[in-house]
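[1] this is a predicted model, with the sequence first.
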Amino acid sequence: MATVTDPSIEFLQREQRLFIGGDWVSTGTSFPTLNPATGEVLAQVPVAGQTEVDAAVEAAEGAFRTWRETAPTKRASLLWKLADLVDEHLEELAVIEVLDNGKPIGEARAVDIALTAELLRYYAGWPTKLAGSLYPNSIGDMLTIGRREPVGVVAAITPWNFPLLEVAYKLGPALAVGCTLVVKPSELAPLSTLRFAQLVEEAGFPPGVVNVLIGGPEIGAALVQHPGVRKIAFTGQTATGKQILRSSADDLKPVNLELGGKSPNIVFADADFDKALAGAFGGIFFNQGQACVAGSRLFAEEPIAERLVDKLVEKARGIRLGHGLAPTTDMGPLISARHRERVLNFIDGARNDGAEVVAGGGIAAVDDLEGGFFLQPTVIANVSNTMHVAQEEIFGPVLSVITWSDPDELEHLANEVPYGLAAGIWSSDIAKAIRLAERLEVGTVWINTYGMFDVSVPFGGRKQSGFGRELGPEALDPYLVSKSIWVDLEPTRQQSGQSIGRS
C-alpha cells in the first residue's frame, strides 16, 4: 500500500489545476475523483468550462505556429527527455494509476507506464525521418514538390481504462510531426494525466504545445465543435464515437476513432490446451475485463469445450480480488459503481436469455474494502452468438462461452457482431489458423497468443470498432496533411491565363 511519504500521495494532497498555455489554472468548480477500491475521494479536480476550452485552444494555436517550425532534432530530444522523466517517475505514476483506476500495481508498472515511456522514445525517432517527395509530371521544366505538414491543433479525448497510456498513444505521434494538443482525459481517472502534464513542463516543452482540460462529455463536445481544433483523436465507447463523428462533420474535421470491441477468441480442439486456457483466461480478465480488445466471446470447439469451461471456472474462482497496491491482488475493482451496475445488468440479461452463469455473476465482497466497486470474475456457458451478452461490449470480467463444431459456420459466427477490433486463434495447424485470420473482419489477429502489443505495430479496428491506426508508422499519417507545390523553372514561359492545364 502507498504510504504518506509516497510522492504520489504528496501529489494528491496538492490543489489540482488545469494546464493551459504553460500555466496551472484553477476554476470555480470541481468534482471528486474516487478510489474505486474503497469508494473514497482521492482528490478534487477542477472542471473546465467554455472559457478554459477557448483559452486552451488559443494557447495551442499560438504554440503551433512555432512548434511546427521547431527543428526536428529539438522535437526529438524533448520527447526523449519526457520518456526519461516517465521512467524516473515510474513508481509514482503507477501508484497514481492504481489509486485512480483500480488496476493491480504490477500491470500498471509493466504495461501502462513502461509502454508510455517506450512509445515516447519510438516517436522521438520520427521527427528527423519525416520527408516529402518530388512528383513526376508531364510538363517540361516544371518542378512538383510534395510536402507533409502537421494538421494543427489536435483534441485528444481519452478513456479511463488505460489513462496515461492512451494519452501517449495520441501525444507521441502528434508532437513528433509538429502538432499541438488539447488533452481531455476521462473525468473518472484524470490524475495521471495531470501529473504527466507536470513532466511535460519539466521536460521543457514550449508553453501551449500540450494543454490539459478536465470535464465531462460537454467539454469533449466543446472541443470537437471548436473552430480552432483541426483534428479529433478519440478512444472510447462506440456510441460516443458516433456522436463525435456527427459533430465533426460541420467543419469536416478529420477524426481518428478507436472504439469498442467484442473480440472472438477461438480455440480449436487441436490447440495446445494449457496455452489456450491461459490465453482465454488472460484475454478476458486482464485489467478487470475493462479493455477494448478483451476476448469476451470464447469460441470453444466441441470436443474440448466442457474441459475448457471447467478449467476456466476453476481459475476464475481462484482470482484474488483486492486493492491494486496489495501484492496478493490478481484483480482490482471496476471503475465505478455505475459501471458495475451496467455489467451486472448484462449478466442478468444472459440468465434471462437462457445462458448459464457457471462462475461469479454478482457483486464481490472484499475484506476491509466494503466501499469498493468489486465484481466476481464471471463465466457464462451455453451462450448463443445472437444473445445480447454476445453482441454488445460489456467492458468487464465477463466471459461468454460459445460452443461450435462446424468450421464452415465458425467464420460467420466470429464476424457476426457489429465490431471488428481484434481476435485470437488457438491451433497447432498454423496454415489453418492463418487462413481463418485472413477472413476475420478485424484489425488485429493473435495466433497462439493474445493481447500482444508493440509500439512499432499498428493497431486499430474495422466496422463499429472505428477507423484509423495507432502505434507504428501508420499512426503518424492522421496528424499530417499533404501539400503539392508547383515551381516553374522556365522564366520565359508564356502563361496562357488558364489556372488549370498545361502551358
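    Thanks, I have it.
[2] shaky segments in this protein?
    Residues of the chain that meet the criterion pLDDT under 70 lie in 2-5, 496-503.
[3] in stretch 304-314, what counts as buried?
    By 16 or more other C-beta atoms under 10 Å, the buried positions in stretch 304-314 come out as 304-305, 308-309, 311-313. C-beta coordinates here come from the backbone N, C-alpha and C atoms, glycine included.
[4] now do the contacts for residue 369.
    Residues near residue 369 by C-beta atoms under 8 Å, 6 or more residues apart in numbering: 37-38, 322-323, 333.
[5] returning to what we had before: looking at the buried residues of stretch 304-314, which one is closest to residue 30?
    Distance to residue 30 across those (C-beta to C-beta) is lowest for residue 312, with 43.2 Å.
[6] which one is the residue nearest the centre of the chain nearest to, not counting chain neighbours?
    Central residue of the chain (C-alpha atoms, centre = their mean): residue 166, 4.4 Å from the mean position. Nearest non-adjacent residue to residue 166, counting by C-beta to C-beta, 6 or more residues apart in numbering: residue 158, 4.2 Å away.
[7] isn't that neighbour right up against residue 232?
    No: using C-beta atoms under 8 Å as the test, residue 158 is too far from residue 232 to be in contact (11.7 Å).
[8] follow-up on the earlier one: I'd say the residue nearest to the centre of the chain and residue 157 touch.
    No: between residue 166 and residue 157 there is no contact, the gap being 9.5 Å when judged by C-beta under 8 Å.
[9] buried ones in the helix or strand in which residue 486 is found?
    Assessed by DSSP states H and E, residue 486 sits inside strand 480-488. Residues 480-481 are the ones in strand 480-488 that count as buried (16+ other C-beta under 10 Å).
[10] now do it: distance to the chain's middle.
    33 Å (C-alpha atoms, centre = their mean, to the nearest Å).
[11] and residue 158 and residue 232? which has more neighbours close in?
    Neighbour count, other C-beta atoms under 10 Å: between residue 158 and residue 232, residue 158 has more, with 28 against 23.
[12] which residues touch the more buried one?
    When the contact criterion is C-beta under 8 Å, 6+ apart, the partners of residue 158 are 166-167, 169-170, 183-186, 193, 235-236.
[13] so which of these belong to strands?
    Of the contacts of residue 158, the ones assigned to strands by DSSP state E are 183-184, 235.
[14] let me know the closest of those to residue 114.
    Distance to residue 114 across the ones in strands among the contacts of residue 158 (C-beta to C-beta) is lowest for residue 235, with 19.2 Å.
[15] which residues touch the closest one?
    Applying C-beta under 8 Å, 6+ apart to residue 235 gives the contacts 157-159, 166, 169, 257-259, 292.
[16] how far away is it from residue 493?
    Noted for residue 235: a distance of 51 Å to residue 493, by C-beta to C-beta, to the nearest Å.
[17] over to residue 161?
    As for residue 161, its distance to residue 493 is 60 Å (criterion: C-beta to C-beta).
[18] tell me which of those two has more neighbours.
    residue 161 (25 against 13).
[19] pretty sure the more buried one is touching residue 287, no?
    Yes: Residue 161 is in contact with residue 287 according to C-beta under 8 Å; the separation is 6.3 Å.
[20] so how many other residues sit close to residue 109?
    Counted with other C-beta under 10 Å, residues neighbouring residue 109 total 17.
[21] what secondary structure does it sit in?
    helix (DSSP: H, G, I helix; E, B strand; the rest coil).
[22] that one: what's it in contact with?
    90-91, 94.
[23] and residue 116, by the same measure?
    Residue 116 makes contacts with 86, 93, 164-165, 167-168, as judged by C-beta under 8 Å, 6+ apart.
[24] next one: residue 102
    Contacts of residue 102 were listed using C-beta under 8 Å, 6+ apart, and they are 35-37, 288, 324, 332-335, 372-373.
[25] strands - which of those land there?
    Residues of the contacts of residue 102 located in strands (DSSP E): none.
[26] need these in a markdown table (columns: neighbour count).
    Putting the contacts of residue 102 into a markdown table (neighbours: other C-beta atoms under 10 Å) gives the following:
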| residue | neighbour count |
| --- | --- |
| 35 | 23 |
| 36 | 33 |
| 37 | 26 |
| 288 | 31 |
| 324 | 27 |
| 332 | 30 |
| 333 | 29 |
| 334 | 26 |
| 335 | 25 |
| 372 | 27 |
| 373 | 26 |
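[27] okay, those in JSON lines with distance to residue 28 next?
    Listed next are those as JSON lines, based on distance: C-beta to C-beta, whole Å:
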{"residue": "35", "distance to residue 28": "25"}
{"residue": "36", "distance to residue 28": "27"}
{"residue": "37", "distance to residue 28": "30"}
{"residue": "288", "distance to residue 28": "35"}
{"residue": "324", "distance to residue 28": "33"}
{"residue": "332", "distance to residue 28": "33"}
{"residue": "333", "distance to residue 28": "31"}
{"residue": "334", "distance to residue 28": "31"}
{"residue": "335", "distance to residue 28": "27"}
{"residue": "372", "distance to residue 28": "31"}
{"residue": "373", "distance to residue 28": "29"}
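[28] taking those residues together, which two end up most distant?
    Maximum pairwise distance among these (C-beta to C-beta): 14.5 Å, between 35 and 288.
[29] list the contacts for residue 57?
    Residue 57 is in contact with 153, 182, 223, 226, 228-229, counting by C-beta under 8 Å, 6+ apart.
[30] please enumerate the helices of the stretch 251-400 of the chain.
    For the stretch 251-400 of the chain, the helices defined by DSSP state H, counting those that start in this stretch cover 273-285, 302-317, 337-352, 388-391.
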